[in-house]
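Peer 1: Kindly generate the corresponding structure for this input.
(chains A and B, ligands or ions: 2)
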2 protein chains.
Amino acid sequence: MKIFSKIFKITQLSTIRLIVLFYVVAVLFSTILLSFPFFHNEGVELTFIDLLFTAVSAVSVTGLTVVSTAETFNAAGSIALAVVLQFGGIGIMTLGTLIWVLLGKKIGLKGRALIQIDQNRATLGGLVNLLLKVFKIVLIVELVGTIILSTYFLQYFDTWYEAILQGFFGAVSATTNAGFDITGSSLQPFSNDYFVQFVNMLLLILGAIGFPVLIEVQDLISKGRREIHPKNSFSLFTKLTTLTFFILILVGFVLILLLEHNGTFFADKSWHERIFYSLFQSVTTRNGGLSTMDVSEFTNPTLIMMCALMFIGASPSSVGGGIRTTTFAIMLLTIYNFSKGRQSIKVFGREIETEDIIRSFIVITTAGMLCILAIIVLTQIENFPLMAIMFEVSSAFGTTGLSMGITPELSTPGKCVIIFLMFVGRIGIFSFLFLLRGYTYKDNYHYPKEKVIIG
Amino acid sequence: MKIFSKIFKITQLSTIRLIVLFYVVAVLFSTILLSFPFFHNEGVELTFIDLLFTAVSAVSVTGLTVVSTAETFNAAGSIALAVVLQFGGIGIMTLGTLIWVLLGKKIGLKGRALIQIDQNRATLGGLVNLLLKVFKIVLIVELVGTIILSTYFLQYFDTWYEAILQGFFGAVSATTNAGFDITGSSLQPFSNDYFVQFVNMLLLILGAIGFPVLIEVQDLISKGRREIHPKNSFSLFTKLTTLTFFILILVGFVLILLLEHNGTFFADKSWHERIFYSLFQSVTTRNGGLSTMDVSEFTNPTLIMMCALMFIGASPSSVGGGIRTTTFAIMLLTIYNFSKGRQSIKVFGREIETEDIIRSFIVITTAGMLCILAIIVLTQIENFPLMAIMFEVSSAFGTTGLSMGITPELSTPGKCVIIFLMFVGRIGIFSFLFLLRGYTYKDNYHYPKEKVIIG
Ligand SMILES: [K+]
Ligand SMILES: [K+]
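Peer 2: Ligands and ions are numbered 1, 2, ... in the order given. Below you'll find the model as predicted:
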């Protein structure tokens, strides 16, 4: 351990750089793991870029695939992939800490600071306890999901063995919002099975709504209502992110219904089919990436709207990517309050810090520019329709994993662009910007302020 | 006058609402003016929506046209249109004040406040003087432009009469960055005449670089170098906007050259043709809207990049629209300084106010959401390629006036969307947000602040 701490001291790696380093290591480890022929079906040969792409997609729980998971990986490979999804989903830091805890090592402040940033938790206290809780919750959700899905899948599959494999992989893929599938065509075989869709939506939401929310809900349940009034027991973060999360799902649901009203895909569908297709595809843009249909059958307005939803992504401290729900909510609140002429942003009886407002806007604009840049590069080097490229870019940055089908046909430079977006989407714009920073710059001097004319 | 002030008091119109009211009146006046058959060529009949579209496009000096200006308007009509462009370009407030000044009326604080916001001038002092200067500069530029272009056009046109009309309209359209043309195909007839292109680029830049910049330069020239060092005599605004303005032109120029390197349009062009096509089309995205080629011949990457440039638009307090150069510059500076870990935004030995930073981000994100919304609506109601719609939306919001050719074929609801964007682009996101505000809300109470996890 002394050597390690020395190396860290010598290279003066910042906390965020360490996290990025861990992610890089996880990607390399996954690349090597998934390259073993033991995990592949017979006759499968993977190029390095496709292996790397699969590893990044798995570690970042995006779910974009250049090769069919079902055709490439055998049963053992599927389980190996599920392990990688778990790594990526719960966060490498969480898992690393747990291993330390299990081995009885004491976690120093340095280690704790790492976890804090990875999970965006604002206080250092009780972090280990917190992580154990996160791990416990995720495992319980996955276990219950596996049992329900496997039992139910007995009617679909010939052997109990295959039903359990499908149920297990499906539960892990949904809970971690990974979007990988071993059916060969996502949840399209279950497009008329509302029970499977319902269970999947529930798992997707539990994974993407943010661990602090789950923990606060669990705390509330274990404490009981007698101790504290539920209204006051939730943090501003939990209230804001949960409200935004469900509003986004509702808006997506209603807009898909409206925009596709005269579309060809809904033409021969009944009202309940329309409702379930709209609802599932709206939920999946939060971060799931699973789908009950070929999304390229939607019309352009719906697809653009879904791009926006994927760009926003999931809650912070969840398995998801994108700019995150709170960032989007603070932007809307700031614009609204400004247009009302208010000087401060009030919400749920609290005020938002000016620093957080500026940070939100930095995240949004940086992400927007990054995506536009990626679209320009991809339209230049690839020969796909603009809509398909915009969709792919939003999906990669949001680590959503939905695609209009161009992923396997991307050129190697194109794959590199998507790999980069998935990586940035997962570590977050914040960590990405910190990563660019050469050194911490203390500015103890000031210039006179001068007003500038704004647009 | 008493009745008027009473009406204003009764309806409690805010300052910005008055400006919007003036713009609305100008549009109505222009709609009526341009509807006179006296101004039309024989056999021309205009629908109301086309007249309204033309009036809004002229008052906002955008230059998008649903009818060919050359085919619709006769010589008298062209002069009437030039007058409307002048109205829109210099700003109705400026002109209104000047009329008051010429009539010997004293301008009250209320009147001055109006001009201040319309021209974004941060101090109230010497406003009338300032406006006279603006008017004088624009007139001189237009006069010189008319003389040069008319004289030069004698070689192109059969009669001196037509040469002068073309020269006059061309100079006014370029200086006000209106983008209207009476050649029937913008500056495409002069695609090999570098002199005409050079004069036009100069006029476009003088109109779009911002009046404060022109005034500060004029002040410097009239004062002479002996009084004050030029480096210190320019305001932060002038330095920031001018630098951004020329960097954007340079970036656009280089990127068009690069992205079109293997494109079909440049295939048979010589190096100097490529340079002039790239340079002119980059300058015109700042706000001009004139073009020396059919922009739809460019490839998608170039067109997307031009969308971004048009979205940014011209300098504040200029004839142009968009989010404006300073807004974009402050965003970039904030992101850069943040990623360097700095607490304040320092530039040219000055610091940017936190309020200005938040305002910039509000302008950018509101504009972005507005454009995405417009794109979703237009893709839903129109049957044009996504690229053409994105280009049209960016061009309308930036009041640039470039088009891939879909403007005349838009449906009536589609025309209404573009009219709305041109209007908002011209009055600016700021005024637009103020317009939404029901009443000025004073918040004298505060809630405790609470940190929220950002993306
Ligand atoms: K995903
Ligand atoms: K224009």
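
Peer 1: Can you name the residues that contact the residue in the stretch 251-400 of chain A positioned nearest to ligand 2?
Peer 2: With distances taken as Cβ to the ion, the stretch 251-400 of chain A approaches ligand 2 most closely at A:Ile372, which sits 22.3 Å away. Using the backbone N, CA and C atoms, a C-beta is placed for each residue, glycine as well. A:Ile372 makes contacts with B:304, B:308, as judged by Cβ atoms under 8 Å, 6 or more residues apart in numbering or on different chains.

Peer 1: and it, what helix or strand is that in?
Peer 2: A:Ile372 is part of helix A:354-381, with elements assigned from DSSP states H and E.

Peer 1: Any idea how many residues pack against the closest residue to ligand 1 within the stretch 251-400 of chain A?
Peer 2: Closest contact between the stretch 251-400 of chain A and ligand 1, by Cβ to the ion, is at A:Gly289 (3.5 Å). A count of neighbours around A:Gly289, defined by other Cβ atoms under 10 Å in any protein chain shown, yields 31.

Peer 1: so which helix or strand takes in A:Ala174?
Peer 2: In the assignment (DSSP H and E), A:Ala174 maps to helix A:160-175.

Peer 1: And A:Ser30, by the same measure?
Peer 2: Assigned by DSSP H and E, A:Ser30 falls within helix A:15-35.

Peer 1: and that helix, how far out from the chain's middle?
Peer 2: 17 Å (Cα atoms, centre = their mean, to the nearest Å).

Peer 1: What mean pLDDT does that helix get?
Peer 2: Summarised as a single mean, pLDDT over helix A:15-35 is 81.

Peer 1: distance between the helix holding A:Ile372 and the chain's centre?
Peer 2: Centroid displacement of helix A:354-381 relative to its chain, using Cα atoms, centre = their mean, is 17 Å.

Peer 1: Point out where chain A drops to low pLDDT.
Peer 2: Along chain A, segments meeting pLDDT under 70 span A:1-19, A:92-128, A:130, A:223-233, A:436-455.

Peer 1: Report the separation between the residue positioned nearest the centre of it and A:Leu214.
Peer 2: For chain A, A:Gly320 is the residue whose C-alpha lies nearest the centre (Cα atoms, centre = their mean; 1.6 Å). Remark: distance between A:Gly320 and A:Leu214 (Cβ to Cβ, to the nearest Å) = 14 Å.

Peer 1: Now list whatever residues contact both of these two.
Peer 2: What both A:Gly320 and A:Leu214 touch, as defined by Cβ under 8 Å, 6+ apart, is an empty set.

Peer 1: same for the helix holding A:Ser30, what does it pack against?
Peer 2: Helices and strands touching helix A:15-35, by 3 or more Cβ pairs under 8 Å, 6 or more residues apart in numbering or on different chains; DSSP states H and E, are helix A:48-59, helix A:75-90, helix A:92-102, helix A:109-118, helix A:412-436.

Peer 1: To ligand 2, which of those helices lies closest?
Peer 2: Relative to ligand 2, the nearest member of these by Cβ to the ion is helix A:412-436, separated by 33.5 Å.

Peer 1: so how far is the closest one off the chain centroid?
Peer 2: Using Cα atoms, centre = their mean, we find the averaged C-alpha position of helix A:412-436 to lie 13 Å away from the chain's own average C-alpha position.

Peer 1: Which strands or helices does that helix pack on?
Peer 2: Packed against helix A:412-436, as judged by 3+ Cβ pairs under 8 Å, 6+ apart, are the following elements: helix A:15-35, helix A:48-59, helix A:354-381, helix A:386-397, helix B:325-339.

Peer 1: which one is the residue nearest to the centre of chain A nearest to, not counting chain neighbours?
Peer 2: Of all residues beyond its chain neighbours, the one nearest A:Gly320 is A:Ala314 (2.4 Å), with distances taken as Cβ to Cβ, 6 or more residues apart in numbering or on different chains.

Peer 1: For burial, what's the neighbour tally of the one you found?
Peer 2: Counted with other Cβ under 10 Å, the neighbours of A:Ala314 add up to 32.

Peer 1: do you know how far the closest residue in space to A:Phe38 that isn't next to it in sequence is from A:Arg359?
Peer 2: Distance criterion Cβ to Cβ, 6+ apart; nearest residue to A:Phe38, sequence neighbours excluded, is A:Ala76 at 6.5 Å. According to Cβ to Cβ, A:Ala76 and A:Arg359 sit 44 Å apart.

Peer 1: Looking at these two, which one has more neighbours?
Peer 2: A:Arg359 (20 against 12).

Peer 1: returning to what we had before: looking at the helices and strands packed on helix A:412-436, which is buried most?
Peer 2: Burial among these, expressed as mean neighbours by mean count of other Cβ atoms under 10 Å in any protein chain shown, is greatest for helix A:386-397, which shows a mean of 26.

Peer 1: re earlier: these two touch, right, the residue nearest to A:Gly320 and A:Arg324?
Peer 2: Yes - with contacts counted by Cβ atoms under 8 Å, A:Ala314 reaches A:Arg324, the gap being 6.6 Å.
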